[in-house]
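Engineer: starting from these lines, generate the structure:
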Amino acid sequence: MKRLLPIVAIGLLTLAGCANTAPYSGDVYRGSQAQTAQTVNYGTIVALRQVQIQADSPQGNVVGGLGGAVIGGLLGNQIGGGSGRRLATAAGAIGGSVAGSKIEDSANRTRAWEMEIRRDNGQSVVVVQKADRNFEVGQRVRLIGSGANLSVAPY
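Structural biologist: From the prediction side, this is the model:
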């Protein structure tokens, strides 16, 4: 059992970080966006701040919580004997579940830019997208798409 613990721990923690954050990039298009006309507007970045996007976990933090509970329970089971062992196992499972959920939450966060852009027509728009390229206040940009399908690219 003691040899199995590191393998289980690594496997579960690996699965906990499986949220796909690629769609938050301005360089990634969904399949439904391919071969469709996109509107293009031009503007200038007037405000910029670093934020985080909390990716939705496909399992709703179940993998992190369940994995943490299993690991915590296994660790707690190594302590003491009799009713003390049962208490340690239960406490380890509860603590592990909480810790596993928090680990999965932090693994599903991605750095992003919140960009306020003044379009050439005078209107302003705020767009949040993955910080996978450098943007600066005063930089000219293209706004591609509209609504929930809006991305920002350098001009």
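Engineer: what's the helix or strand harbouring V141 packed up against?
Structural biologist: For V141, the element it lies in under DSSP states H and E is strand 140-144. Under the contact criterion of 3 or more C-beta pairs under 8 Å, 6 or more residues apart in numbering; DSSP states H and E, strand 140-144 touches strand 40-54, strand 109-119, strand 151-154. Backbone N, C-alpha and C define where each C-beta goes, glycine included.
Engineer: just the pLDDT for E116.
Structural biologist: pLDDT recorded at E116 is 96.
Engineer: G72 belongs to a helix?
Structural biologist: Yes. Using DSSP: H, G, I helix; E, B strand; the rest coil, the assignment for G72 is a helix.
Engineer: wasn't R133 part of a strand?
Structural biologist: No. Counting by three-state DSSP, R133 is located in no strand; its state is coil.
Engineer: CSV for the helices and strands packed on strand 140-144, including distance to D132 and mean neighbour count?
Structural biologist: Listed next are those as CSV, based on distance: least, C-beta to C-beta, whole Å; neighbours: other C-beta atoms under 10 Å:
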stretch, distance to D132, mean neighbour count
strand 40-54, 12, 14
strand 109-119, 9, 18
strand 151-154, 11, 17
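Engineer: point to the helix or strand of this structure where mean pLDDT is at its lowest.
Structural biologist: Using mean pLDDT, DSSP states H and E, helix 4-16 stands out as the lowest-scoring helix or strand of the chain, at a mean of 52.
Engineer: so what's the residue count around N149?
Structural biologist: Using other C-beta atoms under 10 Å, N149 has 14 other residues around it.
Engineer: how close does it sit to L87?
Structural biologist: 53 Å (C-beta to C-beta, to the nearest Å).
Engineer: coming back round to it: can you redo the helices and strands packed on strand 140-144 as a markdown table with distance to L74?
Structural biologist: Formatted as a markdown table, those follow (distance: least, C-beta to C-beta, whole Å):
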| stretch | distance to L74 |
| --- | --- |
| strand 40-54 | 29 |
| strand 109-119 | 27 |
| strand 151-154 | 45 |
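Engineer: so which of those comes closest to Q78?
Structural biologist: strand 109-119 (32.0 Å; C-beta to C-beta).
Engineer: now the closest one against strand 140-144, angle please.
Structural biologist: Going by axes from the mean of the first three to the mean of the last three C-alpha atoms, to 10 degrees, strand 109-119 is angled at 100 degrees with respect to strand 140-144.
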